[in-house]
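Peer 1: Dropping the sequence and predicted coords here.
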Amino acid sequence: MIKNGIRKARVYSVLRDGLWHMMVTTNHVVGKARGKELRRYGLTKNDSLVLFAVLRLKGLATPASLSRETLWEPHTVSELLTSMETRGLIKKRRDLKRRNVIRVDASEKGLEAYRGSSRGKSTQDTLSALTKEEQLQLWTLLAKVRERAMQNLGLKTPVLFPPSDPDEFLRRKSGLAGRSDVAPLRPSSSEAGQKPRRTRALKRLGIDKEPSHLL
């Protein structure tokens, strides 16, 4: 469009543009709230993600596995690990059997910081805006978006965490922090006799009945 001899760009507002803006701004404000909480314990959001991954991998974390886990570039992980080691949050060690492999462990300082930060309420308060069923639906939708974005970038990783299927996450002891008694949310024909057990497990998660979209 030309007005007074000046070409002006015409802005077309379509759903995908608005949705993209919604995703970016939501990520910003949610991350800002969590970041404020983490600073009390001397952590950044990225520190917290790395510590979670290191603890989940239980002594098997390496710079390469952390890169796959976070979907960050190797040099980004390397720089962050150097910073975290300098601040005393992690320790690096050589693998006893494969001397060319570097293992990453959480230090006592890092472990205490993570434990303290995990008691924060910002994430819980934010997600309380959604019902349990809506949280599961959001998980599934975000997984689809993540997978398409990875395809577009040509990224391939054998194991994604968090997994695309929320049921798989809920079955993992590491993901449940000791809640290994939780049964799968999606029933199968072989589980007909296990409904009371599944119902009890769902109640522990605060779900009164099985989400309809998972039936």
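Peer 2: Received the coordinates, thanks. Numbering: from 1, shown residues only.
Peer 1: Specify the beta-bridge partners of residue 104.
Peer 2: residue 92 (DSSP bridges).
Peer 1: Contacts only, for it.
Peer 2: By Cβ atoms under 8 Å, 6 or more residues apart in numbering, the contact list for residue 104 reads 54, 61, 62, 63, 66, 81, 90, 91, 92. Glycine gets a C-beta too; all of them are placed from N, C-alpha and C.
Peer 1: ok, of these, which come out buried?
Peer 2: 54, 61, 62, 63, 66, 81, 90, 91 (16 or more other Cβ atoms under 10 Å).
Peer 1: Residue 113: which of those is nearest?
Peer 2: Among these, residue 90 lies closest to residue 113 (Cβ to Cβ), at 10.7 Å.
Peer 1: Make sure that closest one is actually in contact with residue 81.
Peer 2: Yes: Residue 90 is within contact range of residue 81, at 6.5 Å (criterion: Cβ atoms under 8 Å).
Peer 1: shared neighbours of those two, anything?
Peer 2: Contacts common to residue 90 and residue 81, judged by Cβ under 8 Å, 6+ apart, are 50, 104.
Peer 1: Outline the domain layout of this structure.
Peer 2: The chain breaks down by automatic domain parsing into domains covering 15-119, 130-214.
Peer 1: Please identify the most buried of those.
Peer 2: Highest mean neighbour count among the domains of the chain (mean count of other Cβ atoms under 10 Å): domain 15-119, with a mean of 15.
Peer 1: Quick one: distance of that domain to the chain centre.
Peer 2: Between the centre of domain 15-119 and the centre of its host chain there is 11 Å, according to Cα atoms, centre = their mean, to the nearest Å.
Peer 1: sorry, back to before: and the domains of the chain as a markdown table, adding mean pLDDT?
Peer 2: Converted to a markdown table, the domains of the chain look like this (pLDDT from 0 to 100):
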| stretch | mean pLDDT |
| --- | --- |
| domain 15-119 | 94 |
| domain 130-214 | 67 |
